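S.K.: Output the structure for:
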Amino acid sequence: MDTTTFRWVLVIIAAIVAVAIYFYGQHQSRLRKRSAIETFTREEVDSAFVEDEQLRFELNNLNQILRDNEVEEDLDEIQITPAMESPQTPFMLPDPEIFVPTILANKDADRLVSYHLRHGDFRLITGEEASAAVEHTGLELNNDAYLEYLEEGEVAFQVASLTAPGDFAEIDQLDFTTLGFNCFIDLDVCDNPPLAYEAMLKKIDELVRMLNVKVYKSNHELLTISDVTSIREQLS
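M.R.: Residues are numbered from 1 along each chain as shown. All right, here's what the predicted structure looks like:
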């Protein structure tokens with residue numbers, strides 16, 4: 001055996017001895033603690049130092065009271081814990097109510113094409129944002145203060161506000177806000193539904209880009225390409 005190998009053997013033996021001594025010391029410490037606990041039990045202390053029966057009775061009552069208090073404290077802690085955790089759960093506000101004008105509420109669903117343009121989190125659109133979008137897309141106020149778009153001299157579609165009272169009469173006011181636009185076609189009064197629908201889709205695309213909103217159907221589901229294709233087929 002060379003010198004290097006011999007040194008490594010000594011190091012390993014020394015490490016094993018050190019670990020054995022450590023665990024042996026831990027074992028002896030646990031034995032001493034267990035022996036102390038078994039030697040000084042409550043019963044032996046009472047019998048050795050408390051000879052007065054009345055005093056022993058009062059001490060027993062005191063021990064019972066302390067144990068009861070510990071139980072009550074545990075129960076209180078259990079009851080308090082949920083209350084401490086509850087603020088960590090975010091409080092969800094209900095979605096704001098979307099206003100539906102009477103002219104739309106009384107229409108049969110199959111005689112109306114209606115899409116909602118709004119933010120997914122129901123963030124309000126300011127009057128400044130709405131005015132800029134209206135001017136850009138060529139929408140105009142009609143006699144009922146709804147917005148409308150003309151295609152070849154005829155009303156292609158109208159726009160109501162998703163916020164009561166449903167019109168845009170005060171769109172130029174500084175405090176005007178709305179949840180969004182309700183773009184709709186009344187098929188009972190529309191002369192050319194396919195042309196009107198294509199015009200509405202074009203302007204909706206412009207409004208979406210300007211206002212950074214999404215397009216929802218009247219049942220609050222997002223509008224899809226398949227929905228558009230289905231309406232085109234129905235109107236053709």
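
S.K.: hmm, which helix or strand of the chain has the shakiest average pLDDT?
M.R.: Here the helix or strand of the chain ranked lowest by mean pLDDT, DSSP states H and E is helix 42-49, holding a mean of 48.

S.K.: where does this structure have low pLDDT?
M.R.: 1-2, 33-93 (pLDDT under 70).

S.K.: the domain parsing of it - what is it?
M.R.: With domains defined by automatic domain parsing, the chain comprises 3-88, 102-235.

S.K.: Show me what counts as buried in stretch 134-153.
M.R.: Using 16 or more other CB atoms under 10 Å as the test for burial, stretch 134-153 gives 134, 137, 139, 141, 146-147, 149, 151. In short, each C-beta sits where N, CA and C put it, glycine included.

S.K.: Looking at the residues you listed, which one is closest to R123?
M.R.: Nearest to R123 among the buried residues of stretch 134-153: V134, at 18.5 Å, using CB to CB.

S.K.: So what touches stretch 183-200?
M.R.: Stretch 183-200 has contacts (CB atoms under 8 Å, 6 or more residues apart in numbering) with 103-104, 107, 111-117, 149, 151-152, 154-160, 203-204, 207, 231-232, 235-236.

S.K.: Inside strands: which ones of these?
M.R.: Among the contacts of stretch 183-200, the ones falling in strands (DSSP state E) are 112-117, 149, 151, 154-160.

S.K.: Kindly write the ChimeraX command that selects the buried subset of the residues you listed.
M.R.: Here the buried members of the ones in strands among the contacts of stretch 183-200 are turned into a ChimeraX selection, burial being counted by 16+ other CB under 10 Å:
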select :113,114,115,116,117,149,151,155,156,157,158,159,160
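
S.K.: Report how many residues lie close to H119.
M.R.: For H119, the tally of surrounding residues (other CB atoms under 10 Å) stands at 14.

S.K.: my guess is it contacts K214, does it?
M.R.: Yes: using CB atoms under 8 Å, H119 is in contact with K214, at 7.2 Å.

S.K.: measure A196 to C190 for me?
M.R.: Distance, A196 to C190, using CB to CB, to the nearest Å: 5 Å.

S.K.: Hmm, I typed the wrong one, I wanted N182.
M.R.: The value you get for N182 to C190, if CB to CB is used, is 16 Å.

S.K.: Please apply the same query to A164.
M.R.: Distance check for A164 against C190: by CB to CB, it reads 26 Å.

S.K.: Look at the two and report which has more neighbours.
M.R.: It is C190, of A164 and C190, that has more neighbours when counted by other CB under 10 Å, with 19 against 13.

S.K.: on that earlier part again, return the closest of the ones in strands among the contacts of stretch 183-200 with respect to F23.
M.R.: Ranked by distance to F23 (CB to CB), the ones in strands among the contacts of stretch 183-200 are led by H116 at 73.4 Å.

S.K.: Without its sequence neighbours, what residue ends up closest to that closest one?
M.R.: Nearest residue to H116, sequence neighbours excluded (CB to CB, 6 or more residues apart in numbering): Y216, at 4.4 Å.

S.K.: how many neighbours does that neighbour have?
M.R.: 20.

S.K.: Run the angle between the strand or helix carrying H136 and strand 154-161 for me.
M.R.: Here H136 sits within helix 127-137, counting by DSSP states H and E. Angle of helix 127-137 versus strand 154-161, following axes from the mean of the first three to the mean of the last three CA atoms, to 10 degrees, is 170 degrees.

S.K.: So which elements touch the next helix or strand after helix 127-137?
M.R.: Using DSSP H and E, the helix or strand that follows helix 127-137 in sequence is strand 140-141. Judged by 3 or more CB pairs under 8 Å, 6 or more residues apart in numbering; DSSP states H and E, the packing partners of strand 140-141 are strand 147-151.
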